[in-house]
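**Student:** only geometry, no sequence info:
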C-alpha cells in the first residue's frame, strides 16, 4: 500500500500530514542559515610564514624547502605549491577529495612542530588555515576621521571592533588598513659618538631594562606574597628614562639616559598597507560570520550596530557601509519566492484551462508549497544552508513537482472519464503514476 492509497483512504491523515509539513517546514526555513556559498571545507590547506626582512631566495631555501619536506609525507597529499615573497612564504597543500581536512590539518601541524627547530631563529610558528568559500567578509564598513591616524587606529581597536564582535553570529572582525601602535626610537649618530656608544649598546639596554620577569613567591608563617618586578616601561617618558649602564659590556659610571642619545616617538609601525574611502584615508572594518549562521541577519544586525556607533562617535569621525555582499543573497531569496508564486499561479491557470476543474487546480497549487516546506525540514536537520546551490536546486525542483502533480491529476481525470468514481479513479490513477513520478523526480 502506497502513501497515496493511505491518504485516499484516510483524508484527515492526509490533511494533517500536509499541515504538519507546512508548519514544521516554515520553522525549519526560519532557522536555516543563509549564505552565498555552501559551508564546506575544500580539500586544501594553506601554510603562511612571516620572515621579516628576508629576500624571496632566502625564504625559499630557509623556510619553504623545510616545510615542503615536512608535509610531503602527510597522507592524502596530491600536490604542494609554494610562493616566496619578500618577508613571507605561503605553501598550499592540496588533498584527496575523500580526505578528512580536519585530520589532515592536525597531521600537518604535528609535522611542522617537529620541523620548527630547523627553521631560522625568530620565525614564528607557521599559521595553518583551511579553505572555505564562506571565509569572506559579509560587510565592510569604512571608518573615516579628521583626527591623526594614530588616534583613529587606537579608537577603532579599543572601541569599534569590540562592539561589532558582540553581535550574535559574528565570528571575527578584521581591521583592514590597521597599523599597530609603535614606539619608535631614533638614534642620533653624533650624540652616540660623543658618548662612545653603539647601536648594540642601545638595543641591549632596552632589552635589559624594558622587561618584566616573575619575582616568585615570598612565604611567611602567616601569609604568602607574590612578587613582581615592574620593569616594563608603560609610557613614552618611561622609555626615555631607560638608563644605559653598559658600554661594550663594560660598566658606565656616568648617568646616561636613552633620551640623551635618542629621540623617542609614540607613533605607528611602518605603513605597508592602507585603506581609502571616497578619496580619504580610512580604516576598513570587515565582518565575518560564524559557520552556519544566517548571513543576512548578521549583516543586517551589523548595519544596525553601525548606526548606533555612528551616534556615539567623537566629533570628526564617521562610519558607513563600504561593501555589503549579502544584497545578492537577499535578491536570490526574493527571486526564489517570486518563482514559487509565479509557478503556482501559472500552474493553477494551466490546469484549470485544460482540466476544467477547480478541485484539481487547488490540489496542484497546494502540492507546491507542501513539497518545498517538507524539503526545508530535511535541509535543516542535515545541516544544509540556503545558498546559491540549494536555491538553484529548489527552483529546478519546482518544475519537477509541477510535472508530477499534473501527471497524477491528468491520469485521475482520465479514469474518471472512463466512468470510475472519484475514490477509485484517485486510487488507480495515483498508483499507476507513483513509480513513474518517483523515478522522474
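**Tutor:** Received the coordinates, thanks. No experiment lies behind these values; they were computed from the predicted model shown.
**Student:** got any ranges where the chain has weak pLDDT?
**Tutor:** Applying pLDDT under 70 to the chain flags the ranges 1, 3, 5, 355, 360, 437, 440-441.
**Student:** residue closest to the middle of it?
**Tutor:** Nearest to the mean C-alpha position of the chain, counting by Cα atoms, centre = their mean, stands residue 135 at 3.7 Å.
**Student:** list the contacts for that one?
**Tutor:** By Cβ atoms under 8 Å, 6 or more residues apart in numbering, residue 135 lies in contact with residue 288. C-beta: built from backbone N, CA, C; applies to glycine.
**Student:** now it: which helix or strand?
**Tutor:** Assigned by DSSP states H and E, residue 135 belongs to neither a helix nor a strand.
**Student:** at which residues are the strands of the stretch 151-300 of the chain located?
**Tutor:** Under the criterion DSSP state E, counting those that start in this stretch, the stretch 151-300 of the chain contains strands at 170-176, 181-187, 214-219, 224-228, 246-247, 250-251, 262-268, 275-277, 280-289.
**Student:** pick the most deeply packed of these.
**Tutor:** Highest mean neighbour count among those (mean count of other Cβ atoms under 10 Å): strand 280-289, with a mean of 22.
**Student:** any idea which of the strands of the stretch 151-300 of the chain gets closest to residue 307?
**Tutor:** When those are compared by Cβ to Cβ, strand 280-289 sits nearest residue 307, at 13.7 Å.
**Student:** which parts of the stretch 251-400 of the chain are helices?
**Tutor:** Along the stretch 251-400 of the chain, counting by DSSP state H, counting those that start in this stretch, helices occupy 258-261, 295-312, 326-355, 358-381, 388-417.
**Student:** buried residues, stretch 21-37. List them.
**Tutor:** 21-22, 25, 28-29, 32-37 (16 or more other Cβ atoms under 10 Å).
**Student:** kindly report the same for stretch 204-217.
**Tutor:** Buried residues in stretch 204-217 (16+ other Cβ under 10 Å): 204-206, 209.
**Student:** now do it: distance to the chain's middle.
**Tutor:** For stretch 204-217, the separation from the chain centroid amounts to 39 Å (computed by Cα atoms, centre = their mean, to the nearest Å).
**Student:** kindly report the same for stretch 82-89.
**Tutor:** Using Cα atoms, centre = their mean, the offset of stretch 82-89 from its chain centre is 24 Å.
**Student:** same deal with stretch 122-137?
**Tutor:** 11 Å.
**Student:** end-to-end on it?
**Tutor:** 32 Å (Cα to Cα, to the nearest Å).
**Student:** quick check: buried residues in it?
**Tutor:** Judged by neighbour count using 16+ other Cβ under 10 Å, the buried positions of stretch 122-137 are 123, 126, 128, 132, 134-135, 137.
**Student:** how far away is the residue nearest to the centre of the chain from residue 41?
**Tutor:** Distance of residue 135 to residue 41, given as Cβ to Cβ, to the nearest Å: 10 Å.
**Student:** likewise for residue 85?
**Tutor:** Per Cβ to Cβ, residue 85 is found 26 Å from residue 41.
**Student:** which one of these two is surrounded by more residues?
**Tutor:** Set side by side, residue 85 and residue 41 show more neighbours around residue 41, with 19 against 13, by other Cβ atoms under 10 Å.
**Student:** so what's that one closest to, chain neighbours aside?
**Tutor:** Excluding the flanking residues, the one nearest residue 41 by Cβ to Cβ, 6 or more residues apart in numbering is residue 101, at 4.4 Å.
**Student:** quick check: that neighbour touching residue 40?
**Tutor:** No - using Cβ atoms under 8 Å, residue 101 makes no contact with residue 40, being 9.4 Å away.
**Student:** give the contact list for residue 226.
**Tutor:** Listed by Cβ under 8 Å, 6+ apart, the contact partners of residue 226 are 215, 217-218.
**Student:** and if we set it to 10 Å?
**Tutor:** Counting by Cβ atoms under 10 Å, 6 or more residues apart in numbering, residue 226 touches 214-218.
**Student:** quick check, nearest of those to residue 58?
**Tutor:** Distance to residue 58, by Cβ to Cβ, is smallest for residue 214 among those, at 36.1 Å.
**Student:** returning to that earlier point: need the buried residues of stretch 122-137 in TSV with secondary structure, can you?
**Tutor:** What follows is the buried residues of stretch 122-137, written out as TSV (DSSP: H, G, I helix; E, B strand; the rest coil):
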residue	secondary structure
123	coil
126	coil
128	strand
132	coil
134	coil
135	coil
137	coil
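**Student:** right, and the secondary structure at residue 143 would be what?
**Tutor:** The three-state label given to residue 143 by three-state DSSP is strand.
**Student:** quickly note the distance from it to residue 319.
**Tutor:** Distance of residue 143 to residue 319, computed by Cβ to Cβ: 5 Å.
**Student:** identify the contacts common to the two.
**Tutor:** Here residue 143 and residue 319 have 156, 160, 282-283, 285, 306, 309-310, 313 as joint contacts, going by Cβ under 10 Å, 6+ apart.
**Student:** kindly reformat the residues you listed as JSON lines containing distance to residue 253.
**Tutor:** Formatted as JSON lines, the shared contacts of residue 143 and residue 319 follow (distance: Cβ to Cβ, whole Å):
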{"residue": "156", "distance to residue 253": "47"}
{"residue": "160", "distance to residue 253": "50"}
{"residue": "282", "distance to residue 253": "52"}
{"residue": "283", "distance to residue 253": "49"}
{"residue": "285", "distance to residue 253": "53"}
{"residue": "306", "distance to residue 253": "59"}
{"residue": "309", "distance to residue 253": "56"}
{"residue": "310", "distance to residue 253": "59"}
{"residue": "313", "distance to residue 253": "54"}
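**Student:** list residues touching both of residue 135 and residue 41?
**Tutor:** residue 291.
**Student:** tell me which two of the buried residues of stretch 122-137 sit farthest apart.
**Tutor:** So, the buried residues of stretch 122-137 by Cβ to Cβ: farthest apart are 123 and 134, at 30.2 Å.
**Student:** circling back: out of the buried residues of stretch 122-137, who's nearest residue 258?
**Tutor:** Using Cβ to Cβ, residue 123 comes nearest to residue 258 of the buried residues of stretch 122-137, at 28.7 Å.
**Student:** rewinding a little: more crowded one of residue 101 and residue 40?
**Tutor:** Set residue 101 next to residue 40 and count neighbours by other Cβ under 10 Å: residue 101 wins out with 18 against 11.
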